[in-house]
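Novice: give me a 3D structure for the following:
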Amino acid sequence: MVLSALRLLILSGACLLVEGQTGLAPKKFLTIPLGQVKPAGWLMDQLVVQTNGLAGHEHEFYNYVSNTDWVGGTSAYSNLEEAGSYWFNAMVPNSFLVNNTVIQQKTLDFLNYVLTHQDSTGWLGPEVNTTKPRYLWGRYPFFFGAIQLTEVHPELTDRVVTALHKFVALANTMLKNNGEGVEAWTQTRWEDFVISLQWLYDYHPNGNEALLIDTMQRLKWTGVPWEKVFSEQYFPQTAVEHTPNPFNLPLTWHGVNMAEGLKALPSTYRFTHNQTDLDVASKGWDLLFQYHGRPSGIYAADEYLAGLEAVRGTELCLVVETMFSGSYLYQVIGDPKFADRVERITYNALPATLTGNMWSRQYLQQQNQVASKNMNPNPFPNDGAYSNVFGLQPNYPCCTVNFPQGLPKFISNAFLTTPDQKSLVHLYLGPFSTSTTLASGNKVTVNVDTLYPFSDTLTTTITATSAFTYYVRIPSWVSGGTIAINGGQATAVRPTNGLHAVSVPAGTTKFTLNLPATITTESRPHGSIAVHRGVFNFAFDIPRSQTVLTKNAQQPLAVDLEFDATAPWQFAIDPKTLQFHTTSPSSLPSPVFDSGKSPLSITVTACPINWATAGDTFAASPPTSPVSCTGSNTTLTLTPFGTTKLRISEFPVRA
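Specialist: Numbering: from 1, shown residues only. I've put the predicted structure just below:
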């Protein structure tokens, strides 16, 4: 019955092929193989901190990884069988970007085990030789990891490609059999398989083009109709816990599913050639952030879409999946709004939900977060009271194994090429290097020396064997940006569709970008405002105490932490007094996303006000235009959102 309903929805939607169009439509930009784009400076330090923290040690002690049934163990947290493949997908890029040979070998062993144990039907995964149900979804993160391994180990390509084609033949047969292997979660996440199929089609079709396209179509046919979900007609404008789902498919409003579903329509466009798919994808992105967005760049879904209230939560899995989907949307559509938001999420929402040493993570973060503890009462209608504790696996383990993909995939997508591979695009700003070969054997190296976004200046040195055009993204928040090439006079940047073009001759070219920004404010519910400068959302870092709630028996660094406020946080601010400050350092402390370490701040005049709480666990909505103060004016110092663990970032404004 469910699949029949899905088919009717898709038939009435935008799943029509454009007449005369065959094959796959090209992307606007192409990715560069793993390992050819690397972090440098403070960003490399952040990835090293991640590797030295929880992410890089899960294989040693965390049961869902160390004893995963993907490689012959007995551990899994659900029959979706995603724990091992999530870890694999994340740690392949993580380990190669920091050159951690131990974890590299672990990922290679993981791949070898799975491929060696592929059964005669073509099935891959821990269900081989068992009676476990066979659901397609858990394979998709494995495919992403396997594809990345072929980029750093080309000798694995034939083996991986052969195994994937064998699995595709099986999956196609299953899909023809009334959607066998498609349960409720797989219905929402079909686009990840489509993207893997498109990699095969683009680079290793092996004469199976028709089967690959047919499988893409059948995945969409048996999956949820994202063109309906993201349409203005059906899109929910408020928190959804009291709203009937019009499709009777409540998982379509699940936050992580929506984050992955953002890739569905651009991936669909590649085989339908239907511009409507891209139009709906772009509009759906806007609707999502209009009605559920956060100043930190992400959107709210404490399991399901949660509206605009500052105490509603955002899941960590949602953060990293939105980053990945936004990168894919940019590659297919080319609109700089996707890149701007991914960068904002990466430098705000992602570090905000991790401790500075990255040994503890939240399940849900809040824009206004005045305590991190076992909450009573609990503001989250679908998630547990432990959701905003920083720990090993608060509420659900999925984010423990999945969150490490966020930063390495952001780094890997920082540079792209044009489809003809003649030009290089520097998409995400920060300290990076890349060494790659463009069309006609043009060997190019790029080194970007910067403290961005903790600084406005980026110095880029390029060497090339032949002349080419280098594009660098100029974020929408830049005001008065300039570029000076080879020591020449600084001139205004002139981006087209977000990209400034630099003509690079053979040899060495050096240019300096200055990308200043102004302080801006964003209107939020109840007359409150958020404060921004450049990519950063600024917040009041509430002084806090720390209590260790639990400690892992095998790894004492993996702790659950309670944070409680030790100073008042109930303030209204005067936005006319906002002032930006920087110490202009030559280097950054480690880890930079921790309290008191940012070289940037904004000060503002504030006064204490009456602002209610629910028990001692969460703040009520900001009072609208408070007219009276409960004490004298004071100066608040605001710091980047990602450096705060308890915070106010949506402020009442003094009347």
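Novice: who does the helix or strand where residue 563 lies touch, helix- and strand-wise?
Specialist: Take DSSP states H and E as the rule and residue 563 turns out to sit in strand 559-565. When contacts are defined as 3 or more Cβ pairs under 8 Å, 6 or more residues apart in numbering; DSSP states H and E, strand 559-565 sits against strand 371-372, strand 544-551. Where you see a C-beta, it was placed from the backbone N, CA and C, and this is true even at glycine.
Novice: helices or strands next to the next helix or strand along the chain from that strand in the packing?
Specialist: The element immediately downstream of strand 559-565 (helix or strand, assigned by DSSP H and E) is strand 571-573. Here strand 571-573 touches strand 600-608, strand 634-640, going by 3+ Cβ pairs under 8 Å, 6+ apart.
Novice: show me what contacts the residue sitting nearest the centre point of the chain?
Specialist: Relative to the mean C-alpha position of the chain, the nearest C-alpha, by Cα atoms, centre = their mean, is the one of residue 323, at 2.3 Å. Contacts for residue 323 (Cβ atoms under 8 Å, 6 or more residues apart in numbering) come out as 342, 345-346, 350, 406, 409-410.
Novice: hmm, 10 Å instead?
Specialist: Counting by Cβ atoms under 10 Å, 6 or more residues apart in numbering, residue 323 touches 259, 297-298, 341-343, 345-346, 349-350, 405-407, 409-410, 413.
Novice: can you check residue 526 too?
Specialist: Residue 526 sits next to 308-310, 620-625, 650, 652-653 when contact means Cβ under 10 Å, 6+ apart.
Novice: make a PyMOL selection of whichever of those turn out to be buried.
Specialist: This is the PyMOL syntax for the buried subset of the contacts of residue 526, where burial follows 16 or more other Cβ atoms under 10 Å:
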select buried, resi 308+309+310+621+622+623+650+652+653
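Novice: among the contacts of residue 526, which are in helices?
Specialist: Counting by DSSP state H, no part of the contacts of residue 526 is found in helices.
Novice: I'd like to know how far residue 601 sits from residue 524.
Specialist: According to Cβ to Cβ, to the nearest Å, residue 601 and residue 524 sit 21 Å apart.
Novice: higher neighbour count, the two?
Specialist: The residue with more neighbours, out of residue 601 and residue 524, is residue 524; 23 against 19, by other Cβ atoms under 10 Å.
Novice: on that earlier part again, so the residue nearest to the centre of the chain, which state does it fall into?
Specialist: For residue 323, the secondary structure call by DSSP: H, G, I helix; E, B strand; the rest coil comes out as helix.
Novice: can you count the residues close to residue 633?
Specialist: Neighbour tally, residue 633, other Cβ under 10 Å: 13.
Novice: which strands and helices lie in contact with the helix or strand harbouring residue 169?
Specialist: Here residue 169 sits within helix 157-176, counting by DSSP H and E. Contacts defined by 3 or more Cβ pairs under 10 Å, 6 or more residues apart in numbering; DSSP states H and E place helix 157-176 against helix 101-116, helix 139-152, helix 190-203, helix 209-222.
Novice: and the angle for the first one with helix 157-176?
Specialist: It stands for helix 101-116. 50 degrees (axes from the mean of the first three to the mean of the last three Cα atoms, to 10 degrees).
Novice: helices or strands next to helix 101-116 in the packing?
Specialist: Secondary elements touching helix 101-116 (3+ Cβ pairs under 10 Å, 6+ apart): helix 58-61, helix 83-97, helix 139-152, helix 157-176.
Novice: list the buried residues for that helix?
Specialist: Neighbour-count burial for helix 101-116, counted by 16+ other Cβ under 10 Å, picks out 103-104, 106-108, 110-111, 114-115.
Novice: doesn't residue 291 lie inside a helix?
Specialist: Yes: assigned with three-state DSSP, residue 291 falls within a helix.
Novice: my read: it touches residue 308, true?
Specialist: Yes: judged on Cβ atoms under 10 Å, residue 291 makes contact with residue 308 at a distance of 7.1 Å.
Novice: joint contacts of these two?
Specialist: Common neighbours of residue 291 and residue 308 (Cβ under 10 Å, 6+ apart) are 237-239, 299-300.
Novice: among those, which ones are buried?
Specialist: Buried by 16+ other Cβ under 10 Å: 239, 299-300, out of these.
Novice: any chance of a markdown table for those residues, columns distance to residue 382, secondary structure and pLDDT?
Specialist: Shown next, in a markdown table, are those (distance: Cβ to Cβ, whole Å; DSSP: H, G, I helix; E, B strand; the rest coil; pLDDT from 0 to 100):
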| residue | distance to residue 382 | secondary structure | pLDDT |
| --- | --- | --- | --- |
| 239 | 10 | coil | 98 |
| 299 | 15 | strand | 98 |
| 300 | 12 | coil | 98 |
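Novice: out of those, who's nearest residue 121?
Specialist: Among those, residue 299 lies closest to residue 121 (Cβ to Cβ), at 39.7 Å.
Novice: what pLDDT does the nearest residue to residue 623 once chain neighbours are set aside get?
Specialist: If you skip the residues right next to it in sequence, residue 623 has residue 652 as its closest partner in space, 5.2 Å away by Cβ to Cβ, 6 or more residues apart in numbering. On pLDDT, residue 652 comes in at 98.
Novice: neighbours of residue 506, how many?
Specialist: If we define neighbours as other Cβ under 10 Å, then residue 506 has 12 of them.
Novice: repeat that for residue 449.
Specialist: The number of residues packed near residue 449 is 17, by other Cβ under 10 Å.
Novice: in the sheet, who's paired with it?
Specialist: residue 459 (DSSP bridges).
Novice: contacting residues around it?
Specialist: For residue 449, the contact set (Cβ under 10 Å, 6+ apart) comprises 40-41, 431-433, 457-461, 510, 512.
Novice: in JSON lines, list the residues you listed along with pLDDT.
Specialist: Formatted as JSON lines, these follow (pLDDT from 0 to 100):
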{"residue": "40", "pLDDT": "98"}
{"residue": "41", "pLDDT": "98"}
{"residue": "431", "pLDDT": "98"}
{"residue": "432", "pLDDT": "98"}
{"residue": "433", "pLDDT": "98"}
{"residue": "457", "pLDDT": "98"}
{"residue": "458", "pLDDT": "98"}
{"residue": "459", "pLDDT": "98"}
{"residue": "460", "pLDDT": "98"}
{"residue": "461", "pLDDT": "98"}
{"residue": "510", "pLDDT": "98"}
{"residue": "512", "pLDDT": "98"}
